[in-house]
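Enquirer: Have a look at this fold, sequence not included:
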DNA sequence: CGGACACTTGACAATCCTCAAGATTTGTGG
DNA sequence: CCACAAATCTTGAGGATTGTCAAGTGTCCG
């Protein structure tokens, strides 16, 4: 019997424990001992769901917490001097938002819900304290931040070097991989962001995004029904973004 | 007398101690007590200088250390599937390279010297251990990584939304700010990278970079002599990149 | 001194943006 | 549940920015 010491001491608030969360394998608790997960659990606050369009934190606001998305999607953005919105990222369940606020205790970006979205709030000072006591937790935080740095650099390459087709294909494949990782279909999913938001993120005009998607459909690379996307010819899409077909690691942002 | 316990136990290798390093105010040791600086000092290895073109670490190589630039400049880049180089960053003295390797214990990029360059090697496992014992050091590492995330996101905005003029102006002002921070002239400096490398980094063709620089000179925004750059009309340059003139925080990458 | 490399400049072409109009979807109130 | 308004999305035409190609100049280093 493998259940020797896995019996939790905390049987209350079942649905909102890290141990019972289906995302824990992707989020922070990975590789933590049960008792450590419980300690992490205690510093985390589950918030009421955000409705579509609601703001989680505003650019310029004092930084206190990072947030893990549980359900739904967030976008982060900042407002430029000319007043327009600049989207810097989309966040799916299990992903952490707000890490860039640590630097000077202020969020340099805003975060807004693209649909009904629930998040776990992780007060950073608590996380920092706890990470001193749990080395593997500290390592996890370093890893998450490190991965974010690497991903952002891939995104820089995409923005700087790729054409419209490659940008849109990369975007779709990146989403595909993220869905796959958390057990959803890699080939069929729903875009929670508008074409305009995709274009804003990718550095393209809305019209260009629309045209590329239409062309992909005509060429039978994908099938589109509004925001529903099905990837039909995955190998061809991968060729588009420049991935060696047998290469395990997919290009991602 | 302020020298109560500041007398170092390590009087040897004077020139290579964090305490005596002019960069310590910008690098990791900031806000550490003297004794803690000494502990940090002991895990840091000073390496022989890299000659121009020498590689500090290769993409794909096992990750062991992060590196602080002491003198000179590094570029980081990766090689795309089509075989071309993609520059993801330039690193000046006091800046940390290699943080993106933490995630899966492999450097996802290569780092190469643009000129004769010296670095301090900081074995990450040691830094991680030490940071458990020194909370302010741990906080420093989090801050450095957080700042990198924020800076990279600004760079994404630059690549996605700005035109050639704005890109080059942002690049020059960013360098200007970084030089200023470490006590050098903010208006007169030497580019250690080629026009081609600037273009690669900014997502522009060499010819475009050259043309923009020539035009900036004709419009008396800057003065150029090969790799020597003088910023003549700083306010106008700032207007170009969209910075409110009295806004303390300059747009940077 | 010569060769390689970096930089500049011009002409042309391609990609992508802007503007505009129409179609479709979404949201809201009756 | 329907109807209408407001967004969002699509598609076309034309134009601007930037990339590509080509040639010439300048610079560095053996």
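Expert: Nice, I can see it. Because the structure is predicted, anything quoted here is derived from the model rather than measured.

Enquirer: and the residue of the stretch 1-150 of chain A nearest DNA strand D?
Expert: residue A:53 (9.3 Å; Cβ to the nearest atom of the strand). Quick note: C-beta positions are derived from backbone N, CA and C, even for glycine.

Enquirer: Okay, that residue and residue A:97: tell me how far apart.
Expert: 16 Å (Cβ to Cβ, to the nearest Å).

Enquirer: of the two, who's got more company?
Expert: residue A:97 (22 against 9; other Cβ atoms under 10 Å in any protein chain shown).

Enquirer: what stretches of the stretch 151-253 of chain A score poorly on pLDDT?
Expert: A:243-253 (pLDDT under 70).

Enquirer: could you pull out the helices for it?
Expert: Here the stretch 151-253 of chain A has its helices, by DSSP state H, counting those that start in this stretch, at A:164-181, A:195-202, A:206-218, A:234-241.

Enquirer: what's near enough to touch residue A:210?
Expert: Listed by Cβ atoms under 8 Å, 6 or more residues apart in numbering or on different chains, the contact set of residue A:210 reads residue A:195.

Enquirer: For the residue nearest the centre of chain A, name its beta-bridge partners.
Expert: The structure's chain A has its C-alpha centroid closest to residue A:91; by Cα atoms, centre = their mean the separation is 3.0 Å. For residue A:91, the beta-bridge partners are residue A:74 (DSSP bridges).

Enquirer: near DNA strand D, which residues of chain A?
Expert: A:194-196, A:206-207, A:209-211, A:213-214, A:224, A:226-227 (Cβ under 7 Å from any atom of the strand).

Enquirer: Return the closest of these with respect to chain B.
Expert: Distance to chain B across the residues of chain A next to DNA strand D (Cβ to the nearest Cβ) is lowest for residue A:209, with 12.8 Å.

Enquirer: And the residue of the stretch 1-150 of chain A closest to DNA strand C?
Expert: Closest point on the stretch 1-150 of chain A to DNA strand C, by Cβ to the nearest atom of the strand, is residue A:52, at 6.6 Å.

Enquirer: Report the contact partners of that residue.
Expert: A:113-116.

Enquirer: Now narrow these to whatever sits close to chain B.
Expert: Applying Cβ under 8 Å from any Cβ of the partner chain to the contacts of residue A:52, one finds that nothing falls near chain B.

Enquirer: Out of those, which comes closest to residue A:70?
Expert: residue A:116 (11.1 Å; Cβ to Cβ).

Enquirer: could you pull out the strands for the stretch 1-150 of chain A?
Expert: A:45-46, A:55-57, A:65-71, A:74-79, A:85-91, A:96-97, A:110-113, A:118-123 (DSSP state E, counting those that start in this stretch).

Enquirer: Dump these to TSV, plus distance to residue B:189 and mean pLDDT.
Expert: Converted to TSV, these look like this (distance: least, Cβ to Cβ, whole Å; pLDDT from 0 to 100):
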stretch	distance to residue B:189	mean pLDDT
strand A:45-46	47	84
strand A:55-57	37	95
strand A:65-71	36	94
strand A:74-79	28	94
strand A:85-91	28	94
strand A:96-97	36	96
strand A:110-113	34	95
strand A:118-123	41	94
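
Enquirer: Show me what residue A:67 is bridged to.
Expert: Assigned bridge partners for residue A:67, using DSSP bridges, are residue A:97, residue A:121.

Enquirer: Report the contact partners of it.
Expert: With Cβ under 8 Å, 6+ apart, residue A:67 has these contacts: A:56-57, A:96-98, A:111, A:119-122.

Enquirer: could you measure the closest residue to DNA strand C within the stretch 51-200 of chain A against residue B:123, distance?
Expert: The nearest approach of the stretch 51-200 of chain A to DNA strand C comes at residue A:163, 3.0 Å away (Cβ to the nearest atom of the strand). Per Cβ to Cβ, residue A:163 is found 41 Å from residue B:123.

Enquirer: Looking only at neighbour counts, state which of these two leads.
Expert: In terms of neighbours (other Cβ under 10 Å), residue B:123 is the more surrounded of residue A:163 and residue B:123; the figures are 14 against 11.

Enquirer: Find the nearest non-adjacent residue to the more buried one, please.
Expert: Spatial nearest neighbour of residue B:123, chain neighbours left out: residue B:65 (4.9 Å); criterion: Cβ to Cβ, 6 or more residues apart in numbering or on different chains.

Enquirer: just checking, that neighbour touches residue B:98?
Expert: Yes: between residue B:65 and residue B:98 there is a contact under Cβ atoms under 8 Å: 6.6 Å.

Enquirer: between those two, who's got more neighbours?
Expert: Counted by other Cβ under 10 Å, residue B:65 and residue B:98 do not tie: residue B:98 has more neighbours, with 26 against 23.

Enquirer: about what we covered before: got CSV for the strands of the stretch 1-150 of chain A, with distance to DNA strand C too?
Expert: Shown next, in CSV, are these (distance: least, Cβ to the nearest atom of the strand, whole Å):
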stretch, distance to DNA strand C
strand A:45-46, 25
strand A:55-57, 16
strand A:65-71, 17
strand A:74-79, 15
strand A:85-91, 14
strand A:96-97, 22
strand A:110-113, 12
strand A:118-123, 18
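
Enquirer: Can you lay out these as JSON lines showing distance to residue A:146?
Expert: Listed next are the strands of the stretch 1-150 of chain A as JSON lines, based on distance: least, Cβ to Cβ, whole Å:
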{"stretch": "strand A:45-46", "distance to residue A:146": "26"}
{"stretch": "strand A:55-57", "distance to residue A:146": "23"}
{"stretch": "strand A:65-71", "distance to residue A:146": "15"}
{"stretch": "strand A:74-79", "distance to residue A:146": "19"}
{"stretch": "strand A:85-91", "distance to residue A:146": "16"}
{"stretch": "strand A:96-97", "distance to residue A:146": "12"}
{"stretch": "strand A:110-113", "distance to residue A:146": "21"}
{"stretch": "strand A:118-123", "distance to residue A:146": "18"}
